[in-house]
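Asker: sequence first, then the predicted structure, then my questions.
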Amino acid sequence: MRTAVCLMLGIVVAGWAVGSPDLPPATLPALQPNKLYGVGLPHGDVTPATSCAAASCHGGGQTGRPGSELTTWAPDLSVGPNDPHDPHSRAYRVLFNQVSVRMARLLEPDKEKPCPPHLNQLCLKCHSVDGANPQVAAEGVGCAACHGTSEEWLTIHYQPSWKSKSNPEKAKSKFIPTKNLVARVSNCATCHVGGKDRDVNHDLIAAGHPRLAFEYTRFHYQPTYQKHWKDPDDTATYESRAWVIGQVASLRAAVEVLQARAKNSNAPWPEFAGYSCYACHQTVGNGEPRGSGTDTSKPLGWPGWEVWYTATAVPAALVAQKIFRDVPPPQLDHLKDLRYLMERRTEPGQAVPKAPSQTDVLNVTEHVLSDLDRWLLDVQQAEDKRSTSPVSSELLGQLGRDLAGSALHDGKLRNHDWDFLAAHYLGTVAMYHAGGGTAKYPGWQDPLQKLGCDLHFPRSCEGEPRFNSPGAFGTTKLNKIQYNFGRLKSGFDTSGGSQ
Amino acid sequence: MSRLGWIISIFAPAALVLWAAWPVAETPWVLAAPQLTEAVAYEPPVSGGAVGGGGCAAAGCHGAPPRSLTNGLDRSTWSCSATHWLACDPHSRAHEVLGGELANRIMGHLNAAEPGNPLKLKATEDVRCLACHTNPGLVQSQKPQPKDRPDGRLADLTFAPLHKNGVSCEACHGNASGWLHEHANWVVADRPGKYDTTQMVKLYDLGERARTCMGCHVGAPADAIRGYPVRDMNHDMIAAGHPRLNFDFADAQRRLPPHWYEKDRTKPGSPARGPDFDAQAWLIGRLAHAEAACDLLVSRASRGNEKDPAPWPEFAESACVSCHHVIANPDKPFPPPMPGNRRAGSPQWQPIWPVTRPDDLDALEPLLKPQKAIADLKKLLNAVEVPRPKLGNKPEEMPAVAKTAAESLAVLRQQLTHATGKDVRAGVDRLLRKGLSTPLSGYDRDIACQLFYGLAAAERTRMGWGEKYDAAPYTREWENLKLPPGKMVFAINPDDTRDGLKRLLR
């Protein structure tokens, strides 16, 4: 029944969308979302997380149960890093650790007393709730960071009238409807990828900040991540939707960061953080694999642009088309232009251009953002209306095989870049879980596990911390990765085959 | 009339004619103006076209049986210099390597990066390769380029047989058509002037010789007068597999089997290499090297249009290790100290250009007045190493900064050729002590190598003065510094390395 209603609704919406130019404005619904819920919100008064922590509200004290969201989020301030908790609750405290203190020194080498990270707005924008006073900031990335500042809804959000409100209505009062996947992921991306006033650039990374590489579905499977909410049971649809939305929302955020960098005439340019880390940060020598696999339109010796976010853009658009059947797929023509510009690609026979200027880049980012926003808004609306049709396990299996296959060209890796390979791996994993996991596709487990092993950052020896890079990512590993993507693509042993 | 006056009276009119004929700033005539105070940019000598190396090797010219190979070099070595060169100089095989396995692999990578380009060039046809692997004057095609290869990369293959001579006579001595017939008639006294009028390259001047080597061993802008294409071995080629250009002039002089008897053409009857030759070669070579690097930077930053493409930023201008290090320990940022205005995350200017620590040049006082060059180099470092548009890392601003630095270095180089061996020896010693007083970072292998070359040159100079020489500590330090074959590992133990080098100071 629900499916039928959703389908009908979808058809009505689609029909309205197609026919809308002819309709007089009076017939437009009053509250169509015209912006992404989770992006670019104005600052409000940030109330401390403790004000949500009343025992009868979200501080029930029973970890993992409804009514105990805050307790689940941060069970105890003394939890160790390996105890289950939400790492967002520790975001502020890391600003006092050794790495953060040294980062402050390296970022302002001329100053005798550099600004300490816990007072530096650059850090606090993401390591606490943006705009919070120092006392509230100390709670880390607290409730308001993801749910929105609450001055307009704090006193009403538990009343029955609130439950009956639509998401666009709720969003008007600066509430972020995180159950809507577009709202949720695009809000995550404002910190985990960046935004117009949030930028983990190469200066910060060189000073010691970990690089940002966000993939939304990955954190479901981190054993220590303790969720304080419950996602819908319909794994197939949910998981695949989350992956596609995550891809597009993260890419959108990456383009927004680029746009901000291109606008700022004082920013470093070219900004290395926008390029693939391990394209440059790799060992060199005669035995190293060179070039970009079979992807040859990029000039030699030049790194790929935002490979982590762009590698699976084309396959993600195909998946989007199959999953959100009522929404036109994201347009990627301008993105292609932007990649050409950033990666100094050329059409056959043309001279290789210089790296693009800030002005050139600025012009194209505008179009890319508008393309991606159009799709995200459509899907945000579809998510609100729950008008997504279910996706069959078989289709997800096919999509997973296609994703694995898109890492290859003529049986060879299309690109040797770690980001490219890892992005394809994670996409395939998302489809595998969405499609029912080992129960449905027992043959996938082995190649996926092997891919995971080969892509994992190494340790110099047992007990040491892992590298912040793939380390010696040489021919042996690449051959194994190629072989295992090949196995997944062929589907030869998807039903439990052998090595 | 004094000899000087006599020479001036003969050659001043000739120089005037030359000056009027070519409105290009000339390298000042060293005899007339020994004390240079103004910046004079390096200008490649002007001459007619190239004729190819084979013509020099006639039995009656430079092609006599190479007695010098068995009897040693003497004042008659000129008569067998071509045969001597052919027998043992590696430059004679420079073209041959273009047909080798590595060259094929490099071209495979370069051609694969140009999909759809129908004309896949071989290394022996590509101007970029031939520019340095043969006589660069015989490379550029004057004929219209084929439609499917409009970028001027296809070399003039009518000269293909001459290309096979490798980096032959004219590549260093200058295009010969201006002097081929008359140079046999020159007499000792008018020789230096003849070099000026015919533009044979004054290889007897160590500074000019070093600049000539740097044309290929660093790179050089295109030279329309000599008909040279741009010589630029950039990051595209390194990424395709070409070894980087790590060069030291003094060390090259040591290793290159000479096919000449060293003499100073301005001083008839001058002895062969003086005992201070190595110290002079190292210091002059260092300045010429830096100067050539600045000139190349000017070219790299000013090219980049449709006809004359060049990437920018050009990664070969940055220290290899700045990017090519594996990020291992998450708690340990790279690299620890940040000299100058460079911030964490900004690549260092290429330390195989030997001027990345300009303050070291201070030690050349009072031999030279390096203050202007130091200031200009610091400006350049600021522009190259700080990738912020407001500080000048814009291709359109870079050439001016680099050109000024090249000019200041040219003054130092030219002044140095007139300094006495004793003063140069003392200057080298001060420079090395200054260089070793600054701590090295864990990735400063290239800078440590530069210092090693200097220490070795100083030791060879002492040998020249008859002091005893112990090879063992040099061998030990070199084993520590040299890269393992086929690998680029930049990490060193900074304190051990510096201590080891310090022990070589005497």
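Answerer: Here it is on my side, so go on. Residues are numbered from 1 along each chain as shown, chains lettered A, B, ... in the order given.
Asker: from now on I want contacts and neighbour counts done on CA atoms only, so please keep to that.
Answerer: Will do.
Asker: secondary structure class for residue A:175?
Answerer: Look at residue A:175: counting by DSSP: H, G, I helix; E, B strand; the rest coil, its state is coil.
Asker: residues contacting the residue lying closest to it once chain neighbours are set aside?
Answerer: Spatially, and ignoring its direct neighbours in sequence, residue A:175 is nearest to residue A:148 (4.8 Å; Cα to Cα, 6 or more residues apart in numbering or on different chains). Contact analysis of residue A:148 by Cα atoms under 8 Å, 6 or more residues apart in numbering or on different chains lists A:174, A:175, A:176.
Asker: turn those into TSV, columns for neighbour count.
Answerer: Output for the contacts of residue A:148, formatted as TSV (neighbours: other Cα atoms under 10 Å in any protein chain shown):
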residue	neighbour count
A:174	23
A:175	25
A:176	27
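Asker: name the spans of the stretch 301-450 of chain B whose pLDDT lies under the cut-off.
Answerer: Where the stretch 301-450 of chain B drops to pLDDT under 70, the residues are B:305-307, B:330-331, B:333-341, B:388-395.
Asker: please redo it, this time with the cut-off set to 90
Answerer: Low-confidence segments of the stretch 301-450 of chain B (pLDDT under 90): B:301-313, B:322, B:324-348, B:353-357, B:381-399, B:417-418, B:439-443.
Asker: all the helices of it, residue numbers only.
Answerer: B:320-323, B:371-385, B:398-416, B:421-437, B:445-464 (DSSP state H, counting those that start in this stretch).
Asker: for chain A, name the helix or strand with the lowest mean pLDDT.
Answerer: Within chain A, no helix or strand scores below helix A:2-19, which has a mean of 43 by mean pLDDT, DSSP states H and E.
Asker: just checking, next helix/strand downstream of it?
Answerer: Tracing the chain past helix A:2-19, the next element assigned as helix or strand by DSSP states H and E is helix A:69-73.
Asker: just how off-centre is that next one within its chain?
Answerer: The chain centroid and the centroid of helix A:69-73 are separated by 23 Å, computed with Cα atoms, centre = their mean, to the nearest Å.
Asker: quick one, strands of the chain?
Answerer: Just so you know, I chose chain A. Secondary structure of chain A, counting by DSSP state E: strands at A:284-285, A:408-409, A:412-413.
Asker: you answered for a different chain; I wanted chain B.
Answerer: Secondary structure of chain B by DSSP E: the strands cover B:487-488.
Asker: quick one: residues contacting the spatially most central residue of it.
Answerer: The residue lying closest to the centre of chain B (Cα atoms, centre = their mean) is residue B:214, at 1.5 Å. The contact partners of residue B:214, taken as Cα under 8 Å, 6+ apart, are B:220, B:288, B:289, B:292.
Asker: which of these sit farthest apart?
Answerer: Largest separation among the contacts of residue B:214 by Cα to Cα: B:220 and B:288, giving 12.2 Å.
Asker: neighbour count for these two, which is higher?
Answerer: Neighbours around residue B:220 and residue B:288, counted as other Cα atoms under 10 Å in any protein chain shown, are more numerous at residue B:288. The numbers are 30 against 27.
Asker: I'd guessed the more buried one sits against residue B:211; true?
Answerer: Yes: taking contacts as Cα atoms under 8 Å, residue B:288 lies within contact range of residue B:211: 5.6 Å.
Asker: now do the same for residue A:267: its pLDDT.
Answerer: With respect to pLDDT, residue A:267 scores 87.
Asker: circling back: now render the strands of chain A as JSON lines, adding mean neighbour count and distance to chain B.
Answerer: Listed next are those as JSON lines, based on neighbours: other Cα atoms under 10 Å in any protein chain shown; distance: least, Cα to the nearest Cα, whole Å:
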{"stretch": "strand A:284-285", "mean neighbour count": "19", "distance to chain B": "4"}
{"stretch": "strand A:408-409", "mean neighbour count": "18", "distance to chain B": "15"}
{"stretch": "strand A:412-413", "mean neighbour count": "21", "distance to chain B": "15"}
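Asker: which one of those strands lies nearest to residue A:318?
Answerer: Smallest distance to residue A:318 across those (Cα to Cα): 16.4 Å, for strand A:408-409.
Asker: hang on, isn't residue B:280 packed against residue B:422?
Answerer: No: applying Cα under 8 Å as the test, residue B:280 and residue B:422 come out as separate, 9.7 Å apart.
Asker: okay, those two: which has more neighbours?
Answerer: A direct count of neighbours by other Cα under 10 Å for residue B:280 and residue B:422 places residue B:280 higher, at 29 against 12.
Asker: so what's the more buried one up against?
Answerer: Residue B:280 sits next to B:421, B:424, B:425 when contact means Cα under 8 Å, 6+ apart.
Asker: at 7 Å what do you get?
Answerer: Residue B:280 sits next to B:421, B:424 when contact means Cα atoms under 7 Å, 6 or more residues apart in numbering or on different chains.
Asker: show the pLDDT at it.
Answerer: 95.
Asker: any idea how far it is from residue B:352?
Answerer: For residue B:280, the distance to residue B:352 equals 19 Å [Cα to Cα, to the nearest Å].
Asker: could you do residue B:376 as well?
Answerer: Distance from residue B:376 to residue B:352, counting by Cα to Cα: 19 Å.
Asker: more neighbours, these two?
Answerer: Per other Cα under 10 Å, whichever of residue B:376 and residue B:352 has more neighbours is residue B:352, with 25 against 21.
Asker: tell me which parts of the stretch 1-150 of chain A are close to chain B?
Answerer: Taking Cα under 7 Å from any Cα of the partner chain, the part of the stretch 1-150 of chain A that reaches chain B is made up of A:99, A:106.
Asker: what sits against residue A:283?
Answerer: Taking Cα under 7 Å, 6+ apart, we find residue A:283 in contact with B:324, B:325, B:326.
Asker: which residue is the nearest non-sequential neighbour of residue B:282?
Answerer: Closest residue in space to residue B:282, ignoring its immediate chain neighbours: residue B:250 at 4.6 Å, by Cα to Cα, 6+ apart.
Asker: need the pLDDT of that neighbour.
Answerer: The predicted local confidence for residue B:250 is 97.
Asker: ditto for the one 4 residues further on
Answerer: Model confidence at residue B:254, given as pLDDT, is 94.
Asker: what about residue 104, how many residues close to it?
Answerer: Using chain A here. Residues lying near residue A:104 (other Cα under 10 Å) number 23.
Asker: that's the wrong chain, I meant chain B
Answerer: Counted with other Cα under 10 Å, residue B:104 comes out at 16.
Asker: same check, this time on residue A:63
Answerer: Neighbourhood size, residue A:63 [other Cα under 10 Å]: 19.
Asker: any idea how far it lies from residue A:144?
Answerer: For residue A:63, the distance to residue A:144 - Cα to Cα - is 20 Å.
Asker: check residue B:210 too.
Answerer: On the measure of Cα to Cα, residue B:210 and residue A:144 end up 67 Å apart.
Asker: and these two? Which one has more around it.
Answerer: residue B:210 (27 against 22).
Asker: quick one: contacts for the more buried one?
Answerer: B:249, B:285, B:288.
Asker: want to throw the helices of the stretch 301-450 of chain B into TSV with distance to chain A?
Answerer: Shown next, in TSV, are the helices of the stretch 301-450 of chain B (distance: least, Cα to the nearest Cα, whole Å):
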stretch	distance to chain A
helix B:320-323	5
helix B:371-385	11
helix B:398-416	15
helix B:421-437	22
helix B:445-464	15
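Asker: save the contacts of residue A:148 as CSV, and put in pLDDT too.
Answerer: Below are those laid out as CSV (pLDDT from 0 to 100):
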residue, pLDDT
A:174, 91
A:175, 94
A:176, 95
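Asker: what is the nearest of those residues to chain B?
Answerer: Of all those, residue A:176 has the smallest distance to chain B: 34.5 Å, by Cα to the nearest Cα.
Asker: just checking, that closest one touches residue A:37?
Answerer: Yes: using Cα atoms under 7 Å, residue A:176 is in contact with residue A:37, at 6.0 Å.
Asker: so what sits against both of those two?
Answerer: Common contacts of residue A:176 and residue A:37 (Cα under 7 Å, 6+ apart): residue A:183.
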